[in-house]
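Structure of the sequence below:
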Amino acid sequence: MTEGAARWESALRALALLAVDPEGLRGIALRARVGPVRRAFEARLATLPGPAQRIHPEIGDPELYGGVDVAATLAAGRPVLSQGLAHRPQRLILPMAERCAPDLAARLAQLLDTSPGHALVLLDEGADPDERAPGALTERLAFALDLDGVGRLEARGDLPGATALAEARARLPRVTVAPERAAALTALAARFGIDSLRAPLLALRVARANAALEGRETPSDDDIRLAAEMVYPSRATLLPQEQDPEQDTPPDPPEQEQDTDNGAEQDDPLADLPQEMLIEAIAALVPRDLLARLAEAKATRGGMGGSGAGAKRKGNRRGRPKPSRPGRPGGRDRVDLVATLRAAAPWQTIRRKQQPQAGRVIVHVSDIRLKRYEDRSDRLLIFTVDASGSAAMARLGEAKGAVELLLAQAYASRDHVALVAFRGTGAELLLPPTRSLVQTKRRLAALPGGGGTPLASGLRAAGTLAEQARGRGLSPKLALLTDGRANVTLEGTGGRAQAAEDATRMARLLRAQGIGAIVIDTATRPGPDSRNLATALGAAYLALPRADAQRISGAISDALEG
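Sure, this is the predicted structure:
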């Protein structure tokens, strides 16, 4: 079984266990980009029994806990209260969990702690390692899954049937765990540096749920092993060191106590569970970047919350105010009180005649006006760099400096930066979208150069990345550094005429997609090739044959502003 297939099988097992004990396991934190595998997971998630509700990262207290129903109150002429999601135990699904604000994370954590029956599924779509769902939520959920890198053909298999899940839920209250197993799981958590008691408690819940699903009323060694492997790796803060047998060997007990201990050891339910093998199995599942993540010790932050420099987005929560609009309040809508009273004012004389017993101001549902704001989405600058030919190293060095200069302003303008280099017979994504200056410097430390100029492949790679970024709420902008002299076709073969035709076709496709761009001609003697490419791309054109990083950064900022 491949690694991807094993991770998908673990995800299906987690969904089945959540269906058996949603109150005890609390939920799942899933990290996966939007795609076929993520859709397959959500399709299985939708088949779980019980009510479910998708919520937004900016959901407010009225939707969570209830409050005054404005429309019903105005229609009835008396206060009408609405119930929030907290009044009904259900499975809450939070997409874009990496954008979850700390205040919402605190409210959801309180909901899990104080309202029995609720479960939470976090769908994390973060692009950078430091863009993750809040730790206050992931710590409370039994499972942390990562499906990035799982292939579409590996996402196969279905959950147990509804009858099997119902029988497991009925069997769960009769499943008991020996105290020795609870102590062993707690000691195992301590060896991995897990200092929260939630982890062993959740592991016990997983073992009980898996035993119930398998038709047992007492968890077996396999249940305990599965529970530890599914709960501990994502929470580990250190890797256990091998113990020194000379230092750790306890002194021999007295003879009479030795006999008693041997008898207890024969009855120990953990006697057949090899501890060192279990530790090695858990250590193998610990995330590979655990030590790097702990060393950076970065606080989780929402990476794409808006208010950036990208395309305009309309909403009703924040940004530049726009004229209010008629509508019925609900969800995330906010009522514009002044505009509502202004709309109701001309009708007061007529309404008082029809309703003489009403109050001073008679407001109908049709008078309600909702606030609107115009926000700007985060911008993604895609550097597409020609890394071919004898001058490749100079151009790559300039691109590296320009990327680092723009990243220095990323936290203020909320820009993301990506780097695509093309050379030889194809293009390569050297730097995925990021705002991490440390990660950028590490990726840009040694960029390859030389070979042919597959300009069409570079444009295609940039266009694919731009479409993916749009799907995640970013506004992509393209900065192309090239001399425009393509000599490698999309198929990776030579031929200047066909290569130029492929590049022009790809440029027109990007223009049709509405991707803003700038072409920087890096040729020593600028010719018509890059200018014609800019025309096909609908992009600004700048001839900077001897530009340094500072000039490139300034030119890109000026050309792509807005």
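
Ends of stretch 346-361, what's the gap?
The straight-line separation of the ends of stretch 346-361 (C-alpha to C-alpha, to the nearest Å) is 11 Å.

contacts for it?
For stretch 346-361, the external contacting residues (C-beta atoms under 8 Å, 6 or more residues apart in numbering) are 77, 341, 344, 362, 364, 367. Heads up, the C-betas are built off the backbone N, CA and C, glycines and all.

Pipe those residues into a markdown table and attach distance to residue 217 and pLDDT per row.
Listed next are the contacts of stretch 346-361 as a markdown table, based on distance: C-beta to C-beta, whole Å; pLDDT from 0 to 100:
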| residue | distance to residue 217 | pLDDT |
| --- | --- | --- |
| 77 | 58 | 69 |
| 341 | 65 | 83 |
| 344 | 65 | 84 |
| 362 | 65 | 81 |
| 364 | 61 | 83 |
| 367 | 62 | 85 |
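
Pick out the most distant pair among those residues.
Greatest spacing in those, by C-beta to C-beta: 77 and 341 (16.5 Å).

Any idea which residue is closest to the centre of this protein?
Computing the C-alpha centroid of the chain and ranking residues by C-alpha atoms, centre = their mean puts residue 125 first, at 2.0 Å.

Verify the contact between that residue and residue 473 for me.
No - counting by C-beta atoms under 8 Å, residue 125 sits too far from residue 473 to count as a contact (9.4 Å).

Now the common contact residues for the two.
Joint contacts of residue 125 and residue 473 (C-beta under 8 Å, 6+ apart) are residue 96.

I'd like to know how far residue 57 sits from residue 137.
12 Å (C-beta to C-beta, to the nearest Å).

Same drill for the two, tell me which one is more crowded.
residue 137 (23 against 16; other C-beta atoms under 10 Å).

can you list the domains in the chain?
Taking automatic domain parsing as the reference, the chain has its domains at 3-159, 173-239+274-291, 312-376, 379-559.

between the ones you listed, which gets nearest to residue 167?
Closest among these, using C-beta to C-beta: domain 173-239+274-291, at 8.0 Å.

Rounded mean pLDDT for that closest one, please.
Model confidence over domain 173-239+274-291, given as mean pLDDT, is 82.

How about stretch 468-476?
80.

How about stretch 425-443?
In the prediction, stretch 425-443 has an average pLDDT of 76.

oh, and call the first residue 588 from now on, that's how I've got it
Sure, I'll start numbering at 588, so the last one becomes stretch 1012-1030.

on that earlier part again, mutual contacts of residue 644 and residue 724, please.
With C-beta under 8 Å, 6+ apart, residue 644 and residue 724 have common neighbours 684, 687.

Just the helices from the stretch 688-837 of the chain, written as ranges.
Along the stretch 688-837 of the chain, the segments classed as helices by DSSP state H, counting those that start in this stretch run 689-701, 722-725, 749-758, 766-778, 785-800, 808-818, 832-835.

just those helices: most buried one?
helix 785-800 (a mean of 24; mean count of other C-beta atoms under 10 Å).

Can you name every helix or strand that it contacts?
helix 590-607, helix 609-612, helix 749-758, helix 766-778, helix 808-818 (3 or more C-beta pairs under 8 Å, 6 or more residues apart in numbering; DSSP states H and E).

Strands along the stretch 988-1137 of the chain, start to end?
1003-1010, 1013-1021, 1062-1069, 1103-1108, 1127-1130 (DSSP state E, counting those that start in this stretch).

Serialize those to JSON lines and add fields for distance to residue 811.
Output for those, formatted as JSON lines (distance: least, C-beta to C-beta, whole Å):
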{"stretch": "strand 1003-1010", "distance to residue 811": "43"}
{"stretch": "strand 1013-1021", "distance to residue 811": "38"}
{"stretch": "strand 1062-1069", "distance to residue 811": "48"}
{"stretch": "strand 1103-1108", "distance to residue 811": "56"}
{"stretch": "strand 1127-1130", "distance to residue 811": "63"}
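
Format those strands as a markdown table; extra columns: distance to residue 637 and mean neighbour count.
Below are those laid out as a markdown table (distance: least, C-beta to C-beta, whole Å; neighbours: other C-beta atoms under 10 Å):
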| stretch | distance to residue 637 | mean neighbour count |
| --- | --- | --- |
| strand 1003-1010 | 38 | 26 |
| strand 1013-1021 | 36 | 19 |
| strand 1062-1069 | 38 | 27 |
| strand 1103-1108 | 46 | 26 |
| strand 1127-1130 | 54 | 18 |
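
Among those, which comes closest to residue 791?
Checking these against residue 791 by C-beta to C-beta gives strand 1013-1021 as the closest, at 38.4 Å.

Pairing partners for the closest one, with directions?
Sheet pairing here is set by DSSP bridges, and for strand 1013-1021 it gives strand 1003-1010 (antiparallel).

tell me how far the strand it pairs with is from the chain's mean position?
In terms of C-alpha atoms, centre = their mean, to the nearest Å, the centre of strand 1003-1010 is found 22 Å from the chain centre.

relative to strand 1062-1069, how tilted is that strand?
With axes from the mean of the first three to the mean of the last three C-alpha atoms, to 10 degrees defining the directions, strand 1003-1010 sits at 30 degrees from strand 1062-1069.

Put the alpha carbons of strand 1003-1010 into CSV.
Backbone C-alpha positions of strand 1003-1010 (Å, rounded to 0.1, in the frame of the first residue of the first chain) are rendered in CSV as follows:
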residue,chain,number,x,y,z
HIS,A,1003,1.6,36.7,-1.5
VAL,A,1004,4.6,35.8,-3.8
ALA,A,1005,5.2,32.7,-5.9
LEU,A,1006,8.1,31.9,-8.2
VAL,A,1007,8.0,29.9,-11.5
ALA,A,1008,11.2,29.2,-13.4
PHE,A,1009,11.4,27.8,-16.9
ARG,A,1010,14.4,26.3,-18.6
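
still on that earlier bit, so can I have JSON lines of the helices and strands packed on helix 785-800 showing distance to residue 1093?
What follows is the helices and strands packed on helix 785-800, written out as JSON lines (distance: least, C-beta to C-beta, whole Å):
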{"stretch": "helix 590-607", "distance to residue 1093": "31"}
{"stretch": "helix 609-612", "distance to residue 1093": "48"}
{"stretch": "helix 749-758", "distance to residue 1093": "49"}
{"stretch": "helix 766-778", "distance to residue 1093": "53"}
{"stretch": "helix 808-818", "distance to residue 1093": "45"}
